[in-house]
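Q: Sequence and predicted structure below; questions after.
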Amino acid sequence: MKGREVHRVLVPPPMGAKPYDGWVPCQPVDYKGDRIQVTAHIDEWGHVLERWQFNETDVRWYKLEKYDERRVTIKVERKTSVG
């Protein structure tokens, strides 16, 4: 996705999300300079999500969208076996 802008849309916590290593999340810091823990996940529909943990009680989930001419949700292609 080089050269394309990524938007993060705040979403409610997913029912089922599993870790995903196909996306390298950013490494933001808060206003005090402390690193915010961000991990990548995929939900049950294949959307790429980021889980931002600001502290023990403040956890936010963001769905990633890329922007070129229009916004498109970033999804993981699912491969199914034939036969």
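A: Looks like it came in fine. Bear in mind the structure is a predicted one, so any value in this text is a computation, not a measurement.

Q: so what secondary structure elements neighbour the strand ranked longest in the chain?
A: Ranked by residue count and defined by DSSP state E, the top strand of the chain is strand 59-67. Applying 3 or more CB pairs under 8 Å, 6 or more residues apart in numbering; DSSP states H and E, we find strand 59-67 packed against strand 5-11, strand 48-53, strand 71-73. Just so you know, the C-beta spots here come from the backbone N, C-alpha and C atoms, and that holds for glycine as well.

Q: Tell me where the model's unsure across this structure.
A: Low-confidence segments of the chain (pLDDT under 70): 1-4, 68-73, 79-81, 83.

Q: For the helices and strands packed on strand 59-67, give me JSON lines that also has mean neighbour count and distance to L64.
A: Shown next, in JSON lines, are the helices and strands packed on strand 59-67 (neighbours: other CB atoms under 10 Å; distance: least, CB to CB, whole Å):
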{"stretch": "strand 5-11", "mean neighbour count": "13", "distance to L64": "6"}
{"stretch": "strand 48-53", "mean neighbour count": "19", "distance to L64": "5"}
{"stretch": "strand 71-73", "mean neighbour count": "12", "distance to L64": "8"}
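
Q: do you know which of those strands lies nearest W23?
A: Proximity of these to W23 was assessed by CB to CB; the nearest stretch is strand 48-53, lying at 5.3 Å.
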